[in-house]
Structure formats: structure tokens, C-alpha cells
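A.B. asks: here is my input; please provide its structure:
(4 chains)
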Protein chains: 2
Amino acid sequence: MTNAGATTPARRRSDRRAPTKSDLTRERIVAAAAHVLARRGYAGTKLSDIAERAGLRAGSLYYHFADRDALVDHVVQQGVAETERHVVAALAALPTGSDPLSRLQAAVRAHLEAILDIGDVSSAGLQLLRQLPPELQRRYRAAQRSYGQVWDDVIRAGQTAGAIRSDMDPVRLRLFVIGQLNWVAEWPVSARGKRADLVDEAVELVTHGVVPR
Amino acid sequence: MTNAGATTPARRRSDRRAPTKSDLTRERIVAAAAHVLARRGYAGTKLSDIAERAGLRAGSLYYHFADRDALVDHVVQQGVAETERHVVAALAALPTGSDPLSRLQAAVRAHLEAILDIGDVSSAGLQLLRQLPPELQRRYRAAQRSYGQVWDDVIRAGQTAGAIRSDMDPVRLRLFVIGQLNWVAEWPVSARGKRADLVDEAVELVTHGVVPR
DNA sequence: GTCTATACGACGATAGAC
DNA sequence: GTCTATCGTCGTATAGAC
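C.D. replies: Residues are numbered from 1 along each chain as shown, chains lettered A, B, ... in the order given. This is a model prediction of the structure:
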């Protein structure tokens, strides 16, 4: 018997019932897959490595996922979704009427924190993009679009209000900023320093650049 | 007969004799390998794909390289080396006594141009880093160190002169800046706009950040 | 739910003809 | 220098026992 298709009967976010054994194993598998994907790339990710890390045998993965690509897709989708949730929550937590620059800074902070905390699955681990087969790439881009929208709204509002420079296309501005943060995932851990300092520095640099104030 | 070991007898940079047929094929192979590596990752790069792109059969690659890893290593090394040459040349081309901020801006410009022009082999395509087997990773890091040194010298000089903010570790500053530029390789081509504009914007953003001046 | 066993296809690498 | 042919290995996926 297999359970591989949709996540067992249709399970919604509002379903708060206790996780079954299957749910827990599934989560371990996804975490393991994210870990391996982040270091070995799409093609280098072997089911046997994922299985070993999750504490079972390769063949057993097929009870939980239809095939390798279904698992990869799940990881990739969850990565963007979680990052987006983190950023949206940070924006929502700001006092109403916060100035536009503060909103951008909050987004920077939240995005970088997502990379540092859930780097394996976050959008950063997802320089996988180019390696994915066309169908997965398509699905991933769709998820990215939704997340990009969050940023573009913040940036555009800031430009309208005069708090963010208007001499640059908002999309390119976003790509530059997010890219700077994403690359932190590639840093040697030894260079990262204290988490709080790193985040503060990123915000400072995005805001004012390398020139002294 | 094979030629796979060192590049035929010891050939030095000063040897300016006409390239043999073997040299030319070798170059095609390296370019093809860079292309495939940049999109498929380390494990996803198949010799048959490289060979097809270079216009020969998979088996024939072994005349030019000892094995798959020797070819990958060559591409990776050449990527850092060419990027470094580009940046060093740009710095050398500045008028003597140029101010430290201008030097940093020239480096930004040159690094980004390298990514745009030789992206497949440049250091950007080399988010491969984490995917490489330990030995190749070690060799790659060594090459990176030399290149990082170029940047660190520029940044430190700027900080000493008061032209670059001194409240940040120069290494982290470098990683932030280079990361921002490297990520451009991941941008959809459609978002890049005109090359000259893109480069100007990058310099502006690195220098002054997102706040209007 | 997870295991073992196995069918099957790819890919890296070598040998030897041309 | 490049080709064709082939061997060996490894990884995905399936079948069926427990």
C-alpha cells in the first residue's frame, strides 16, 4: 500500500489534529531531503542518502512520495512558502503606519533570518533553480512570483513615499537586495559572526551602502 | 595514446606559439563543460552532454582530460583565475593615486562584467562550491583566497582612508558585496535590462544603498 | 509502514580500430 | 585525435514479504 499522492486525504492548514506516525516520518524525510539537496544539488541528491539521514531505507520513501521529483518539488515549494510566511509575518507585526523604509528593513531582516534559520529549505538553498527539470522549474517560479510580489509592494510604496530611491526599477532593486541576502547561505560559517550583528550589518548595508555616514 | 595529464609538456603563460588542433578542441571542451556545469550542477553534468556540445563523442574526452573531475577542476580554476585577472586589470588601469572609493567601484564594475560576459566559468557559476567533492572543494577555496585578497586590500585601504565605512569587518563587507553581484547570474535574463545600466545601478547601490540621496 | 530483493537504465571509464 | 564497443557500477523504481 502506498500513500504517495496528495498528502493523505486532503489535509488543510486548519486541521489541527495530532500528527500521525506517517506525518512525522514525512517531516523527517523532507528535512533530510532539504539537507542533501542544499549541498549536493539536484542531480547529486540520492534517495539512499536521504533515507539514511531520515533513518529508513531507500525503498521506503516510495510509501510517502510518488517519486524522487515529487519529493524535491515538495521541499522546494515549502522553502519559498516558509520564507514568504516569515517575511509577511514580520511586516504584519510592525505598528500600523510604520514608515516605508522601516518596512523594507523589516523584510530584509526577516528574509535573512529565514536563510540563517531554515537555510536548507529557504529560498536560498534554492539556487537549485537552474538545475531543476523544466516542470519543477515552472512550479518553483510560480511560487517565487507570489513571494516577489510581497517585496515589490513594499519597495513601490517606499518609492512613492520618497523613502526609497526612485531611479531604479523596483524589480531590479528587489533582485539586488534579495541576492545579497541569499548569498549569505554560501558564506563559510566561520565568516558569519554573531547572528544579530550579521543581520544588523545587512540592514545597514542595504540601507546606506559602503560609504560612511 | 592519451594527452590527459599536464597540458602537454609544461606550457607556460609566456608560450605564445600557435595553438595546435588539440588546444582548440580542449578549449571547446572546457567551454562546453562550463556551460553544462552552470546549469546542471556538479552531479548533473554528464560527459555525453559536454561532448555533444563540443562536437565529439564522450569517449574522446579522455584524450584531453584524465577523468571527469580533472575537467571540472580545470573549469573551476579557470573561472576564478579569469575573474581575478579582469578585476586586477581594471584596478591597474585606474590613474595612479585614484581615491579608494573609486577603486572599490572599479572592482564592483569589473566583477559584475565578468559575471555577465563569462558567467558560465566566472566565480558566479561557482555556487557549485558546496556540490564539489572534498578535494576539488579544497583546491577551489585556495584559488578563491587569492582573489579575496585583492578585494580585501581595496576595502582595507578605503577604510583606513575613511572612504569606506569602518564599522564592519572588511571580509564580511566583501562577502556582502560580491554576493550581491554573484546573484545576478541567477536573475532571469529578462530582468537584466541594458548591460551598462545594470552595472551602473550595481555600483550606485553598493555605494549608497536604497535610500535616496 | 518499512523491509529485502531485483529489474532496469544510465553514466563513467577503458580498449582497440581507424 | 576521434571513433565504436563494451564492462562495471550505481541509482531509481517496483514487487512482495513481514
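A.B. asks: list the buried residues of the biggest helix by length in chain A.
C.D. replies: Longest helix in chain A by number of residues, with DSSP state H as the criterion: helix A:134-161. Using 16 or more other CB atoms under 10 Å in any protein chain shown as the test for burial, helix A:134-161 gives A:136, A:140, A:143-144, A:147-148, A:150-151, A:154-159. Where you see a C-beta, it was placed from the backbone N, CA and C, and this is true even at glycine.
A.B. asks: ok, now stretch A:23-34?
C.D. replies: Result for stretch A:23-34 [16+ other CB under 10 Å]: buried residues A:25-26, A:28-34.
A.B. asks: what do you get for stretch A:75-90?
C.D. replies: A:75-80, A:82-84, A:86-87, A:90.
A.B. asks: neighbouring contacts of stretch A:52-65?
C.D. replies: A:1-4, A:22, A:25-26, A:28-29, A:31-32, A:35-36, A:47-48, A:50-51, A:71, A:74 (CB atoms under 8 Å, 6 or more residues apart in numbering or on different chains).
A.B. asks: filter these down to the ones in helices?
C.D. replies: Members of these lying in helices (criterion: DSSP H): A:22, A:25-26, A:28-29, A:31-32, A:35-36, A:47-48, A:50-51, A:71, A:74.
A.B. asks: work out the gap between the helix or strand where A:Leu173 lies and the centre of the chain.
C.D. replies: Assigned by DSSP states H and E, A:Leu173 belongs to helix A:170-182. In terms of CA atoms, centre = their mean, to the nearest Å, the centre of helix A:170-182 is set 14 Å apart from its chain centre.
A.B. asks: the inter-axis angle of it versus helix A:134-161?
C.D. replies: Counting by axes from the mean of the first three to the mean of the last three CA atoms, to 10 degrees, helix A:170-182 lies at 110 degrees to helix A:134-161.
A.B. asks: need the residue closest to the centroid of chain A.
C.D. replies: Closest residue to the average C-alpha location of chain A: A:Ser122 at 2.5 Å, with CA atoms, centre = their mean.
A.B. asks: hmm, A:Ala114 and that residue touching each other?
C.D. replies: Yes - counting by CB atoms under 8 Å, A:Ser122 sits close enough to A:Ala114 to count as a contact (4.8 Å).
A.B. asks: find residues that contact each of those two.
C.D. replies: Common neighbours of A:Ser122 and A:Ala114 (CB under 8 Å, 6+ apart) are A:82-83.
A.B. asks: about what we covered before: the ones in helices among the contacts of stretch A:52-65: which ones sit near DNA strand D?
C.D. replies: A:47-48 (CB under 7 Å from any atom of the strand).
A.B. asks: let me see the contact set for A:Asp152.
C.D. replies: A:170-171, A:174.
A.B. asks: who wins for neighbours among those?
C.D. replies: The residue in the contacts of A:Asp152 with the most neighbours, by other CB atoms under 10 Å in any protein chain shown, is A:Arg174 (21 neighbours).
A.B. asks: please tell me how far the nearest residue to that residue once chain neighbours are set aside sits from A:Arg40.
C.D. replies: Using CB to CB, 6 or more residues apart in numbering or on different chains and skipping residues adjacent in sequence, the residue nearest A:Arg174 is A:Trp151, 4.6 Å away. Distance from A:Trp151 to A:Arg40, counting by CB to CB, to the nearest Å: 29 Å.
A.B. asks: try A:Thr25
C.D. replies: From A:Thr25 to A:Arg40 the distance is 22 Å (CB to CB).
A.B. asks: ditto for A:Leu112
C.D. replies: 24 Å.
A.B. asks: these two: who's more crowded?
C.D. replies: Using other CB under 10 Å as the criterion, A:Leu112 and A:Arg40 rank with A:Leu112 on top: 25 against 18.
A.B. asks: quick one: what helix or strand has the more buried one in it?
C.D. replies: helix A:100-118.
A.B. asks: and the helix or strand containing A:Ala43 with helix B:21-44, angle?
C.D. replies: Element membership for A:Ala43, per DSSP H and E: helix A:21-44. Interaxial angle, helix A:21-44 versus helix B:21-44 (the same axes, to 10 degrees): 180 degrees.
A.B. asks: tell me the contacts of A:Trp183?
C.D. replies: A:124, B:175-176, B:178-180, B:182-183.
A.B. asks: and with 7 Å instead?
C.D. replies: Counting by CB atoms under 7 Å, 6 or more residues apart in numbering or on different chains, A:Trp183 touches B:179, B:182-183.
A.B. asks: give me the subset of these that also touch DNA strand D.
C.D. replies: Okay, of the contacts of A:Trp183, nothing touches DNA strand D (CB under 7 Å from any atom of the strand).
A.B. asks: now A:Ala81: how far from DNA strand D?
C.D. replies: Look at A:Ala81 and DNA strand D: by CB to the nearest atom of the strand, to the nearest Å, they are 23 Å apart.
A.B. asks: quick check, pLDDT for that residue.
C.D. replies: You'll see A:Ala81 listed with a pLDDT of 97.
A.B. asks: which strand or helix spans it?
C.D. replies: Counting by DSSP H and E, A:Ala81 is part of helix A:68-93.
A.B. asks: quick revisit: and the residue nearest to the centre of chain A, what pLDDT?
C.D. replies: Value for A:Ser122, per-residue pLDDT: 94.
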